[in-house]
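In: Got a predicted model here, sequence first, then my questions.
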Amino acid sequence: MQLHFHTNPTLFKQLPEEDFEAIERAQDGEVRLYRLRPLIARFMVDDQNQPLTHEAAMKQLGRIPTGEWDEVIRQFADAFRDAAVPNTNGSLSKSPSDPTSTAPPSPTGAQQ
C-alpha cells in the first residue's frame with residue numbers, strides 16, 4: 001500500500017517528543033498501533049498532496065492488514081527523515097579544510 005505524507009523541517013521540529021519517541025520505538029520493533037495510527041493520520045495527504053481529514057486518514061489506516069504495518073512505519077519514518085535532513089544542492093565549496101596539495105596521499109598514512 002502506497003501512502004503519501006506531508007512533512008517538512010518545520011513539522012519535524014514541532015513534533016512532540018512523545019510522538020517522536022513512538023516513531024523511534026516502532027522502528028526498533030516496539031509497535032504500538034494505538035499511538036502510531038492517530039499520529040500518522042495527521043500527516044497523510046492524497047495523491048494530489050491535499051491533506052486528508054483525520055477521519056478519512058484513520059479509516060484508510062484502519063484497513064491496513066497487520067502484516068503491512070512494518071512497511072507503513074518505514075514509509076512514514078523515511079518521510080520524516082527526509083524532512084529532517086535537508087537535501088544538498090549545488091557544488092561543493094572550497095573551504096579552508098580542503099587539501100591544497102595535489103600530491104596523492106601516502107599509502108601508509110604518513111605525512112609527506
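Out: Thanks, I have the structure now. Being a predicted model, the structure only gives us computed values, none of them experimental. Numbering: from 1, shown residues only.
In: The helix ranked longest in the chain - contacts with which helices or strands?
Out: Criterion DSSP state H: the longest helix present in the chain is helix 69-84. Contacts defined by 3 or more CB pairs under 8 Å, 6 or more residues apart in numbering; DSSP states H and E place helix 69-84 against strand 4-5, helix 9-14, helix 17-27, helix 33-41. Where you see a C-beta, it was placed from the backbone N, CA and C, and this is true even at glycine.
In: Make a markdown table from the ones you listed and add mean pLDDT and distance to A57 to it.
Out: Shown next, in a markdown table, are the helices and strands packed on helix 69-84 (pLDDT from 0 to 100; distance: least, CB to CB, whole Å):
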| stretch | mean pLDDT | distance to A57 |
| --- | --- | --- |
| strand 4-5 | 88 | 10 |
| helix 9-14 | 82 | 15 |
| helix 17-27 | 87 | 15 |
| helix 33-41 | 92 | 4 |
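In: What residues sit buried inside the longest helix of the chain?
Out: Buried positions in helix 69-84, judged by neighbour count with 16 or more other CB atoms under 10 Å: W69, V72, I73, F76, A79, F80, A83.
In: Tabulate those residues in JSON lines, adding columns for distance to T10 and pLDDT.
Out: Formatted as JSON lines, the buried residues of helix 69-84 follow (distance: CB to CB, whole Å; pLDDT from 0 to 100):
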{"residue": "W69", "distance to T10": "27", "pLDDT": "89"}
{"residue": "V72", "distance to T10": "23", "pLDDT": "90"}
{"residue": "I73", "distance to T10": "22", "pLDDT": "88"}
{"residue": "F76", "distance to T10": "17", "pLDDT": "88"}
{"residue": "A79", "distance to T10": "14", "pLDDT": "84"}
{"residue": "F80", "distance to T10": "12", "pLDDT": "79"}
{"residue": "A83", "distance to T10": "9", "pLDDT": "75"}
